[in-house]
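Participant: sequence? don't have it. structure:
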């Protein structure tokens, strides 16, 4: 803004505005910075050549929220299943398993859900944990279940097709690990006899020919 003043000849001239002093510029900068919320981390730049024709514009609120929001608030990835904690993202720890032990998965998930009429085609042993083969097969089912249940809409379908539908007939079948057990009685399965090879058998040249000269 300029001030007008007249002279003796009645003409009007515009007097130039004196340059802004350093203390005034510093005071204006302080006032501009403290006018924004304290959480703001971007300082307001001070004018370099007097008053600017274009006033300073404060960044959009979304910019500030994006800089200060938590990782879960910033994430726009697809939602995933949770294992008891927060939604898993690339910035957080992996999802925790639902069951901590194999026994928990078998007793609380497998047995209550996958029921079959016992006798004839299906066999079961209440002491399943005494069968090494059953422990191994149940473990593979459990590990795959914990992993594939977080793979979106097709994870569980693939688990049924590729894992359960293959393992279930073997586990509960008449030729499986429970073939001679009942629901109330455990019978230790017979282990095949083993004949130990003579010393040096695997390091001798006969090992490559199966014992034949």
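Facilitator: Thanks, I have the structure now. All values reported here derive from a predicted model rather than from experimental measurement.
Participant: Please count neighbours and contacts with C-alpha atoms only from this point.
Facilitator: Will do.
Participant: Buried residues in stretch 152-162, which are they?
Facilitator: Using 16 or more other CA atoms under 10 Å as the test for burial, stretch 152-162 gives 156, 158, 159.
Participant: so the first one makes contact with residue 147?
Facilitator: No: judged on CA atoms under 8 Å, residue 156 makes no contact with residue 147 at a distance of 9.6 Å.
Participant: Phi, psi for residue 168 please.
Facilitator: phi -60, psi -50 (degrees, to the nearest 10).
Participant: what about it, distance to residue 178?
Facilitator: 12 Å (CA to CA, to the nearest Å).
Participant: Output the longest helix belonging to this protein.
Facilitator: Scanning the chain for the helix with the most residues, using DSSP state H, yields helix 132-148.
Participant: residues making contact with that helix?
Facilitator: Helix 132-148 is touched from outside by 97-98, 102, 105-106, 128-129, 155-156, 158-159, 163-164, 167, 171, 177, with contacts defined as CA atoms under 8 Å, 6 or more residues apart in numbering.
Participant: Quick check: of these, which lies closest to residue 194?
Facilitator: The nearest member of these to residue 194, counting by CA to CA, is residue 177 at 19.4 Å.
Participant: ok, back up a step: just the buried ones from the contacts of helix 132-148?
Facilitator: Among the contacts of helix 132-148, those classed as buried by 16+ other CA under 10 Å are 97, 102, 105-106, 128, 156, 158-159, 163-164, 167, 171, 177.
Participant: Just the ones of the residues you listed in helices?
Facilitator: 102, 105, 156, 158, 159, 167, 171.
Participant: could those be laid out in TSV, adding distance to residue 190 and pLDDT?
Facilitator: Formatted as TSV, those follow (distance: CA to CA, whole Å; pLDDT from 0 to 100):
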residue	distance to residue 190	pLDDT
102	25	94
105	27	94
156	36	87
158	35	89
159	32	92
167	22	92
171	17	93
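Participant: Max pairwise distance over these: which two?
Facilitator: Set against one another by CA to CA, these have their most distant pair in 102 and 158, with a gap of 20.8 Å.
Participant: the helices in the chain, which residues?
Facilitator: 22-34, 61-68, 71-74, 102-105, 111-113, 132-148, 155-159, 165-171.
Participant: Can you check the pLDDT for residue 192?
Facilitator: In this model, residue 192 is scored at 89, pLDDT.
Participant: give me the low-pLDDT residue ranges for this protein?
Facilitator: 1-93, 205-213 (pLDDT under 70).
Participant: hmm, 80 instead?
Facilitator: Counting by pLDDT under 80, the low-confidence segments of the chain come to 1-95, 152, 204-213.
Participant: Skip the chain neighbours and tell me the closest residue to residue 126.
Facilitator: Excluding its sequence neighbours, the residue lying closest to residue 126 (CA to CA, 6 or more residues apart in numbering) is residue 183, at 5.6 Å.
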